[in-house]
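> any chance you can model this:
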Amino acid sequence: MTHFVAEIAYTAAPEVVAASRPAHREHLAALHARGALVLSGPWADGTGACLVYRADDEAAVRGMLADDPFLRDGVVEVLSVREWTVVVGG
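Sure thing, here's the model as predicted:
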């Protein structure tokens, strides 16, 4: 499996993001439980978040992102998905 880093940016008002957050976090918890999501969290400035996935290819990561309630509800946009070569840890 390969690591991928996805960056998302919030595109909706904070109250809309907050309303979608519980379903988003349930989705992430399920991915983490099966080993597909390594870690995730928001940027300190509140503009978006970083998610680290373990997957066979970028298409699989984009599929997991497409299933995320944040994306389905239109509160974020995916800025990038990049393959990441982990040197230490992981």
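
> contact partners for Ser40?
Shown in contact with Ser40 (Cβ atoms under 8 Å, 6 or more residues apart in numbering): Leu28, Ala49, Cys50, Leu51, Val52. For glycine as for every other residue, the C-beta is placed from the backbone atoms N, C-alpha and C.

> Three-state assignment for it, please.
Here Ser40 is recorded as strand under DSSP: H, G, I helix; E, B strand; the rest coil.

> beta partners for the nearest residue to Val86 once chain neighbours are set aside?
Of all residues not flanking Val86 in the chain, His3 sits nearest, at 5.2 Å (Cβ to Cβ, 6 or more residues apart in numbering). Per DSSP bridges, the residues bridged to His3 are Arg54, Trp84.

> ok, His3 - contacts?
Val38, Val52, Tyr53, Arg54, Glu83, Trp84, Thr85, Val86, Gly90.

> ok, 7 Å please
When contacts are counted by Cβ atoms under 7 Å, 6 or more residues apart in numbering, His3 is found next to Val38, Val52, Arg54, Trp84, Val86, Gly90.

> now neighbour count and distance to Glu15 too, for those residues, in TSV please.
As requested, the contacts of His3 are exported to TSV (neighbours: other Cβ atoms under 10 Å; distance: Cβ to Cβ, whole Å):
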residue	neighbour count	distance to Glu15
Val38	18	29
Val52	17	28
Arg54	18	33
Trp84	13	33
Val86	11	36
Gly90	12	36
